[in-house]
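*Asks:* Provided below for reference: sequence and predicted model.
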Amino acid sequence: MQLKVRSDQSERFEYTSAADFPIYVNTHGNLSDFPNSTTLAHWHDDLEFTLVLSGSKVCCVNGVPVRLGEGQGIFVNTRQLHYDFSPDKGECHYLCLLFHPMLMCASPYIERTFIEPVLNGAPPYLLLEGDLFQLVRDTIYSLEGSLGPLRIQGKLWQVWEALYACTPLPTDPPRPRNQGLHALQSMVSFVQKNYKEKVTLADIARAGSVSKTTCCSIFKKYSNQSPLNYLIEYRLRRGRELLRSTDMTVTEICFEVGFSGASYFSESFRKAFGCTPLEFRKQRDH
């Protein structure tokens with residue numbers, strides 16, 4: 001799935017059915033499809049549910065690692081910074097469901113009483129096990145067939161009822177915004193807007209209004225990689241999309257995504273994806 005972003009650099013998904021039915025379903029997720037079995041740190045407005053069918057992985061939400069094994073899943077609330085990885089590079093097969101909260105806003109009363117408390121009051125993530133795991137799994141598979149959108153809408157109300165039951169009603173004033181996460185979102189936004197240009201560590205740190213040392217510490221804490229490694233990996237993923245979707249030469253693509261030379265791009269690509277850019281393109285054409 002191609003990474004697309006909105007103006008604030010939150011991730012934007014190509015929904016499974018239609019733009020006016022904002023649901024994304026993936027029933028064949030494999031962590032090995034990502035470089036080093038690690039997804040890029042990202043966030044989005046959509047609510048995300050991931051269920052592990054076999055293997056294991058770690059989902060890191062706002063810097064907190066959550067290990068998931070077979071029969072376990074996780075709900076990630078809206079606009080939480082998260083990524084997945086496999087510590088031992090082992091395979092993990094999973095199901096994934098995302099949907100936009102507006103899908104549940106049947107009326108202002110429903111939105112005010114039952115939707116906003118979950119968005120604003122629920123923890124950044126919740127574990128999914130037992131009956132809740134099975135409910136989300138049934139919901140994912142209910143999208144199949146011509147009546148799928150109708151069936152999944154009904155299932156989502158059951159999922160939401162379970163989430164609402166797990167959400168404590170807030171009694172304390174809202175916590176102040178996490179400044180580290182706020183700075184990271186600004187720095188990630190800068191990288192994704194300027195990856196084609198020459199970008200230095202100082203540039204990234206300046207975007208978050210922090211020092212270079214603090215910049216590195218924030219990236220390490222919340223994304224487990226350095227700022228420059230994040231930049232390189234983002235360039236590589238954009239390059240892979242151009243290899244898949246265009247007939248641009250490798251040299252043209254390398255400069256288009258911000259690399260200084262084709263040989264460095266090709267070697268970095270091979271290390272990340274296990275094949276050279278030309279080999280990847282040949283796989284596309286077969």
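*Replies:* On my side now, so go ahead. What you see is a predicted model; the values in this text were computed from it and never measured. Numbering: from 1, shown residues only.
*Asks:* Show me what the residue most central in space within the chain bridges to in the sheet.
*Replies:* Centroid check for the chain by Cα atoms, centre = their mean gives residue 42 as the closest residue, at 4.6 Å. Taking DSSP bridges as the rule, residue 42 bridges to residue 82.
*Asks:* Make sure it is actually in contact with residue 80.
*Replies:* No - applying Cβ atoms under 8 Å as the test, residue 42 and residue 80 come out as separate, 10.0 Å apart. The C-beta positions use only the backbone N, C-alpha and C, and glycine is treated the same way.
*Asks:* Buried residues in stretch 259-271, which are they?
*Replies:* The neighbour-count check on stretch 259-271 (16 or more other Cβ atoms under 10 Å) flags 259, 262, 265-266, 268-269 as buried.
*Asks:* Export these to a markdown table and append columns for distance to residue 215, pLDDT and secondary structure.
*Replies:* Shown next, in a markdown table, are the buried residues of stretch 259-271 (distance: Cβ to Cβ, whole Å; pLDDT from 0 to 100; DSSP: H, G, I helix; E, B strand; the rest coil):
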| residue | distance to residue 215 | pLDDT | secondary structure |
| --- | --- | --- | --- |
| 259 | 22 | 95 | coil |
| 262 | 29 | 93 | helix |
| 265 | 25 | 95 | helix |
| 266 | 29 | 95 | helix |
| 268 | 22 | 93 | helix |
| 269 | 26 | 94 | helix |
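*Asks:* now these in CSV, with distance to residue 208?
*Replies:* Formatted as CSV, the buried residues of stretch 259-271 follow (distance: Cβ to Cβ, whole Å):
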residue, distance to residue 208
259, 24
262, 31
265, 27
266, 31
268, 25
269, 28
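*Asks:* Go through these and say which is closest to residue 155.
*Replies:* Nearest to residue 155 out of the buried residues of stretch 259-271 is residue 269 (Cβ to Cβ; 40.5 Å).
*Asks:* how far away is that closest one from residue 125?
*Replies:* When distance is defined by Cβ to Cβ, to the nearest Å, residue 269 is 32 Å away from residue 125.
*Asks:* got it, and residue 44?
*Replies:* Taken as Cβ to Cβ, the span from residue 44 to residue 125 is 14 Å.
*Asks:* for residue 204, same thing?
*Replies:* Shown here: residue 204 relative to residue 125, a distance of 27 Å by Cβ to Cβ.
*Asks:* For those two, indicate the residue with more neighbours.
*Replies:* Neighbour totals were compared for residue 204 and residue 125, and residue 204 leads with 25 against 19 (other Cβ atoms under 10 Å).
*Asks:* Give me the nearest residue to the more buried one, chain neighbours excluded.
*Replies:* Once flanking residues are discounted, residue 204 sits nearest to residue 227: 4.6 Å by Cβ to Cβ, 6 or more residues apart in numbering.
*Asks:* Now for the one you found: which residues touch it?
*Replies:* By Cβ atoms under 8 Å, 6 or more residues apart in numbering, the contact list for residue 227 reads 187, 191, 201, 204-205, 215-216, 219.
*Asks:* Swap in 7 Å and give it another go.
*Replies:* By Cβ atoms under 7 Å, 6 or more residues apart in numbering, the residues touching residue 227 are 187, 201, 204, 215-216, 219.
*Asks:* For residue 193, which three-state class applies?
*Replies:* Here residue 193 is recorded as helix under DSSP: H, G, I helix; E, B strand; the rest coil.
*Asks:* Just the pLDDT for it.
*Replies:* At residue 193, the predicted lDDT confidence score is 90.
*Asks:* same thing with residue 17?
*Replies:* At residue 17, the model reports a pLDDT of 61.
*Asks:* just residue 176 next, same as before
*Replies:* 57.
*Asks:* Report the buried residues of the helix or strand where residue 202 lies.
*Replies:* Taking DSSP states H and E as the criterion, residue 202 maps to helix 201-207. Across helix 201-207, burial judged by 16+ other Cβ under 10 Å covers 201, 203-207.
*Asks:* That helix - contacts with which helices or strands?
*Replies:* The contact analysis (3 or more Cβ pairs under 7 Å, 6 or more residues apart in numbering; DSSP states H and E) places helix 201-207 against helix 179-194, helix 212-223, helix 227-245.
*Asks:* Now render these as JSON lines, adding distance to residue 103.
*Replies:* Shown next, in JSON lines, are the helices and strands packed on helix 201-207 (distance: least, Cβ to Cβ, whole Å):
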{"stretch": "helix 179-194", "distance to residue 103": "24"}
{"stretch": "helix 212-223", "distance to residue 103": "28"}
{"stretch": "helix 227-245", "distance to residue 103": "27"}
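*Asks:* I am finished for the moment; much appreciated.
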